[in-house]
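Q: got a sequence here, can you build the structure:
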Amino acid sequence: MALSVIILAAGQGTRMCSQIPKVLHPLAGKALLQHVLDSIAPLKVNCYIVHGHEGAQVQAQIQDPNIYWVEQAKQLGTGHAVQQALPQIDAADQVLILYGDVPLIPTSSLEALLEAQSAADLALLTVDLDNPRGYGRIVRDDKAQVSAIIEEKDADAEIKRIKEVNTGILAARASDLKQHIAKLKNDNAQGEYYLTDVIALAAHAGQNISSLKAECPEHVAGVNDRVQLANLERYYQLQQAQALMRQGVSMADPNRVDIRGTVTTGQDNRFDINVILEGKVTLGSRVSIGANSIIRNSELGDGVVVHPNSVIENAVIAEHCEIGPFARIRPDTVLAAQVKVGNFVEIKKSKIAKGSKINHLSYIGDTTMGSGVNIGAGTITCNYDGAFKHQTIIGDDVFVGSDTQLVAPVTVEKGATIGAGTTVTRDIEADKLVISRLPQKSISGWQRPRKNKS
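A: Model (predicted):
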């Protein structure tokens, strides 16, 4: 028996007040719908996504050749949406129904629900809410078995007092779903075909309905507006932060750390406030990340110190390097051990060898730099001629004075010294001193221009 998953993602999401389809709005840097797809990835399923509003946008962003796309041309309710996908699913399949705007459902909950269904005819996921307003209530018979789900707009006062509500997530045999959905009617306050009515039909047919309660409301919470999206974002981020703290990371304030990807960490690392980690980030041990810093798709070795307000993207930083404050490490940069990159320094697509220092107000791009190099303040590698990028090669133990321009392509050999204010346009031999500035002059009798006083 194969497992087929139907993800309902056709809603307009009018309360988002957006031109972006609701299921594409990001949570932790990833589309809501992608979160759902990641949850089912370990289950090895046939996946059917029912799309409608701005379906082309959804398909363009969620590009997966293993997804079957099903259009719901008219949004006539959840039962109608499931009905669009069922003809493509074998009657012997087990079917799991999910929602593209319910992003945080854990794989473990889905596995438990599928196991419960295997021992029953139908299984649904429920949750207890302190304030169940707006949700369909779970109605049980005198044996505490689920007998129906009543939507709030169709519920009387007694039903509305029920705290247990429907999440919409259920599992069933495809053959049963096909039979029950064919009998759905839209004689309700919304004039829609409710998937929830399948529960009453199954109960009336004498089928065994199993139920499982979600671990917490956030796991099954849907996103209908930006307030709910922000609430789920904060919940998700706190869970991520707490998971890292359990692995040995100290945080000045876990409520002000954002994880937008996957983080692998060693021990005794420390994050100050407003740290953002994006994509795939790997941290060694004893790494310190200062306030307002962003690390994206990068590796940081043991003992790296990132001072506040620094950005590191697609880079490899070896052990005991020091970055910032206000430094920017751009893609394809590799720093060897004990390199120091100081304040207002930008490095792009460069390899810097052990122990070299670029301390102040410099730009180093498309450069291979040896070990023990000292780069003075205001140094620039002029790597772009307006059409092409060119390489700068700097050997070991080179000293570059402040306010130097290295016009690439150019090579500075080992041990060379470049005086402050020099513009380097030709290769420099090893151990040579190069100075290009004009001799200083003193002019007597000079009068600075002054404005006439009115």
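Q: which elements pack onto the helix ranked longest in the chain?
A: Using DSSP state H, we find that the single longest helix of the chain is helix 226-246. Packing partners of helix 226-246 (3 or more Cβ pairs under 8 Å, 6 or more residues apart in numbering; DSSP states H and E): strand 26-27, strand 249-251, strand 257-264. Yep, even glycine has a C-beta here, placed from its N, CA and C like the rest.
Q: how far off strand 257-264 does it point, in degrees?
A: Angle, helix 226-246 to strand 257-264, by axes from the mean of the first three to the mean of the last three Cα atoms, to 10 degrees: 50 degrees.
Q: next secondary structure element downstream of the host helix or strand of Ser39?
A: According to DSSP states H and E, Ser39 maps onto helix 32-40. Using DSSP H and E, the next helix or strand after helix 32-40 towards the C-terminus is strand 46-51.
Q: just the residues contacting that following strand, thanks.
A: Strand 46-51 has contacts (Cβ atoms under 8 Å, 6 or more residues apart in numbering) with 2-10, 33, 37, 40, 58-59, 62, 64, 66-72, 81-82, 84-85, 88-89, 93, 100.
Q: of these, keep whichever come out buried.
A: 3-10, 33, 37, 40, 58, 62, 69-70, 72, 81-82, 84-85, 89, 93, 100 (16 or more other Cβ atoms under 10 Å).
Q: among these, which ones are in helices?
A: The helices, defined by DSSP H, take in 33, 37, 40, 58, 81-82, 84-85 from the buried ones among the contacts of strand 46-51.
Q: any idea how far the helix holding Ser39 is from the middle of the chain?
A: Here helix 32-40 is found 12 Å from its chain centre; the criterion is Cα atoms, centre = their mean, to the nearest Å.
Q: which strands and helices sit next to that helix?
A: Here helix 32-40 touches strand 3-9, strand 46-51, strand 94-99, helix 107-118, going by 3+ Cβ pairs under 8 Å, 6+ apart.
Q: kindly recompute the last result at 10 Å.
A: Under the contact criterion of 3 or more Cβ pairs under 10 Å, 6 or more residues apart in numbering; DSSP states H and E, helix 32-40 touches strand 3-9, strand 26-27, strand 30-31, strand 46-51, helix 55-61, strand 94-99, helix 107-118, helix 226-246.
Q: and the fifth one, which residues are buried?
A: Read it as helix 55-61. 55, 58.
Q: helices or strands up against it?
A: For helix 55-61, the elements it packs on are helix 32-40, strand 46-51, strand 67-71, judged by 3+ Cβ pairs under 10 Å, 6+ apart.
Q: doesn't Gly370 make contact with Ala430?
A: No. Under the criterion of Cβ atoms under 10 Å, Ala430 is not in contact with Gly370, lying 11.3 Å apart.
Q: first vs last residue of stretch 237-254, how far apart are they?
A: In stretch 237-254, first residue to last residue: 8 Å (Cα to Cα, to the nearest Å).
Q: for stretch 422-438, same thing?
A: By Cα to Cα, the extent of stretch 422-438 from end to end equals 10 Å.
Q: for the record, mean pLDDT for that stretch?
A: For stretch 422-438, mean pLDDT is 95.
Q: ok, residues contacting it?
A: 379-382, 392-421 (Cβ atoms under 10 Å, 6 or more residues apart in numbering).
Q: same thing but at 8 Å, please
A: 395, 401, 404-407, 410-421.
Q: repeat for stretch 247-255
A: 234, 237-238, 241-242, 244-245, 257, 265-273, 285, 291.
Q: which among these count as buried?
A: Of the contacts of stretch 247-255, these count as buried by 16+ other Cβ under 10 Å: 237, 241, 244-245, 257, 265-266, 269, 271-273, 291.
Q: Ile105: which of the helices and strands packed on helix 55-61 is closest?
A: helix 32-40 (5.4 Å; Cβ to Cβ).
Q: got the phi/psi numbers for Arg140?
A: Arg140 adopts backbone torsions of phi -120, psi 150, taken as degrees, to the nearest 10.
Q: that one reaches Ile150, doesn't it?
A: No. If you go by Cβ atoms under 8 Å, Arg140 and Ile150 don't touch, sitting 11.5 Å apart.
Q: these two: which has the busier surroundings?
A: Counted by other Cβ atoms under 10 Å, Arg140 and Ile150 do not tie: Ile150 has more neighbours, with 22 against 16.
Q: which strand residues bridge the more buried one?
A: Arg137 (DSSP bridges).
Q: quick one: it from Ala230, how far?
A: Between Ile150 and Ala230 the computed distance is 30 Å (Cβ to Cβ, to the nearest Å).
Q: can you check His51 too?
A: From His51 to Ala230 the distance is 25 Å (Cβ to Cβ).
Q: tell me where this protein is predicted with low confidence.
A: 454 (pLDDT under 70).
Q: how does it divide into domains?
A: 3-220, 226-434 (automatic domain parsing).
Q: those domains: which one's closest to Arg450?
A: It is, among the domains of the chain and with distance given as Cβ to Cβ, domain 226-434, at 28.9 Å.
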